[in-house]
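Chemist: Structure, please.
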Amino acid sequence: MSEFFQFFSTTGLAQFEWSYFIMIVIGLSFVYLGIAKNYEPLLLVPIGFGVILGNIPGTLGVYEPNSVMNLLYWGVKAGVYPPLIFLGLGAMTDFSTLIANPKLILLGAAAQFGIFATFIGSILLGFSISEAGAIGIIGGADGPTSIFLSSQLAPHLVGPIAIAAYSYMALVPVIQPPIIKLLTTKKERIIKMKTPRVVTQREKVIFPIVGALVTIMIAPGASVLLGMLFFGNLLKESGVTERLANSTRNALIDIITVLLGLTVGASTQADVFLKVDSVKIFMLGAFSFCIATATGLLFAKLMNLFLKTKINPMIGAAGVSAVPDSARVVHHVGQTCDKSNFLLMHAMAPNVAGVIGSAVAAGVLLGILGN
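Modeler: Next up is the predicted model:
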């Protein structure tokens, strides 16, 4: 019996506590939402399973020096994984609609107001200015940027911030439609937009080069994110590096997504994650996402006051950088009002502008708060 009890003391059951149970239930709910509801399964399934792994007591987790999970988590702590995600994202992004209608970049910029509103809210809730900067970026609905900035400004909050950012990205189809319907009229929702002009190949090649120069000049702190995003797009559009573009938008981004999701999920150990600050971060995340959606919509309505050819204000909601889900939500809401109204390609313009905008905002915050 003594040998049995000695063996039992080494098992996870002997060290199990209710806090671990709570976190495992959260992990299971993420896996359920990813599989059963199809809410961002490529993100929620790895994160959810990581949460389960990270809360089995007795295992060598991400906080155990030199363990395998700790070594894999280095890519999160050092900010290596997010730029590689941006590289793959750039290689799969088509900026044609944005190039054809450049004024729509203003909608992507307007939606970033949620970042700075949350920054102020975080300070009011007692977070330090560096922590507030890291939390604020959740408003951009950009998981990789949230991880990158928090790893630089508040490494101890990477887990809660990443989980909040990816949770709200996954819940875009649930959160955004009520806000869209609240802030727009049916007359506005059925506005049809003209098919954008055809963009030349030369324009597609020039855009990532000019885009990188301009945005990195504005926000040098985000040079690694913006540089990778535009470099990946150049690989796609150049016409001579298709093999590299194909590798980055498929194999590379898939591998990094698995490692990122699993290790971020595993970092949410109960003793680290179940704190009052985590609850505050989730509340701020919900607030920031709603504010970002609302400001994008309201700015689109403001633009219509000065435009001869009106835009459908719903596309302003796609200014958050949850690509391509927020654009799909806008299209779906438009279809419920008028089956012949196709808004997806128009909504993709502010959607990809939002990706650029959130990275620029992160660079500005890092430049101001990182020293």
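Chemist: Let's see the pLDDT reported for residue 99.
Modeler: Residue 99 carries a pLDDT value of 96.
Chemist: Just to check, it is in contact with residue 205?
Modeler: No. Using CB atoms under 8 Å, residue 99 is not in contact with residue 205, being 10.9 Å away. (Glycine included, C-beta is placed from N, CA and C.)
Chemist: which one of these two has more residues nearby?
Modeler: More crowded of residue 99 and residue 205, by other CB atoms under 10 Å: residue 99, with 19 against 15.
Chemist: lowest-pLDDT helix or strand in this protein?
Modeler: The helix or strand of the chain with the poorest confidence is helix 2-9; it has a mean of 67 (mean pLDDT, DSSP states H and E).
Chemist: which is the next helix or strand following it?
Modeler: Downstream of helix 2-9, the first helix or strand assigned by DSSP states H and E is helix 18-35.
Chemist: what does stretch 258-269 contact?
Modeler: In this structure, residues lying in contact with stretch 258-269 by CB atoms under 8 Å, 6 or more residues apart in numbering are 23, 26-27, 30, 42-43, 45-55, 61-63, 69, 72-73, 75-76, 81-82, 85, 144, 147, 158-160, 162-163, 166.
Chemist: Go through it and flag the buried ones.
Modeler: By neighbour count on 16 or more other CB atoms under 10 Å, the buried set for stretch 258-269 is 259-269.
Chemist: pLDDT averaged over it - what is it?
Modeler: The model assigns stretch 258-269 a mean pLDDT of 92.
Chemist: Could you list the alpha-carbon positions for it in CSV?
Modeler: Presented in CSV, the C-alpha positions along stretch 258-269 are these (Å, rounded to 0.1, in the frame of the first residue of the first chain):
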residue,chain,number,x,y,z
VAL,A,258,-0.5,25.1,-34.1
LEU,A,259,2.6,26.1,-32.0
LEU,A,260,1.2,29.5,-31.1
GLY,A,261,-2.3,28.3,-30.2
LEU,A,262,-1.0,25.3,-28.2
THR,A,263,1.6,27.2,-26.2
VAL,A,264,-0.6,30.2,-25.5
GLY,A,265,-3.4,27.9,-24.3
ALA,A,266,-0.9,26.0,-22.1
SER,A,267,0.3,29.3,-20.5
THR,A,268,-3.1,29.8,-18.9
GLN,A,269,-2.3,27.7,-15.8
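Chemist: unless I'm mixing things up, residue 290 is touching residue 174, no?
Modeler: No. Counting by CB under 8 Å, residue 290 does not reach residue 174; the two are 11.8 Å apart.
Chemist: name the helices or strands packed onto the longest helix seen in the chain?
Modeler: The longest helix of the chain (DSSP state H) is helix 276-304. Helix 276-304 makes packing contacts with helix 105-110, helix 113-124, helix 129-136, helix 158-170, helix 172-183 when contacts are defined by 3 or more CB pairs under 8 Å, 6 or more residues apart in numbering; DSSP states H and E.
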